[in-house]
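A.B. asks: The sequence and its predicted three-dimensional model are supplied below.
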Amino acid sequence: MVSKTRSLFKTISWRIVGTIDTMLLGWLITGSPLVGLKIGALELFTKFVLYYLHERIWLRCKFGTKNN
């Protein structure tokens, strides 16, 4: 059993990594650090929610698991 708190902390840590990546890519592609920050700020919120929901759905799925 995995707690909702664990999923939440896992979500937060992954979002930090993912958002930094998105900001850097936005800056690299556009040449503007401000645009990179704006893109990163927007995706921070949308992907936070999407990842958490995705994680919780997969925890209900028994695909690829074995019973002890």
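C.D. replies: Right, received. Where do you want to start?
A.B. asks: surely Thr11 meets Glu55?
C.D. replies: Yes: if you go by CB atoms under 8 Å, Thr11 and Glu55 touch, sitting 6.6 Å apart. (Each C-beta comes from the backbone N, C-alpha and C, glycine too.)
A.B. asks: Please say which of those two ends up with more neighbours.
C.D. replies: The neighbour count for Thr11 versus Glu55, taken as other CB atoms under 10 Å, is higher for Thr11 (20 against 17).
A.B. asks: ok now do that one, which residues does it touch?
C.D. replies: Thr11 makes contact with 48, 51-52, 55, according to CB atoms under 8 Å, 6 or more residues apart in numbering.
A.B. asks: Go through the residues you listed and flag which are in helices.
C.D. replies: 48, 51-52, 55 (DSSP state H).
A.B. asks: Can you list the low-confidence ranges for the protein?
C.D. replies: 68 (pLDDT under 70).
A.B. asks: tell me the contacts of Thr22?
C.D. replies: So Thr22 contacts 36, 39-40, 43 (CB under 8 Å, 6+ apart).
A.B. asks: For Ile20, state which of those is nearest.
C.D. replies: Closest approach between those and Ile20, by CB to CB: Gly40, at 7.4 Å.
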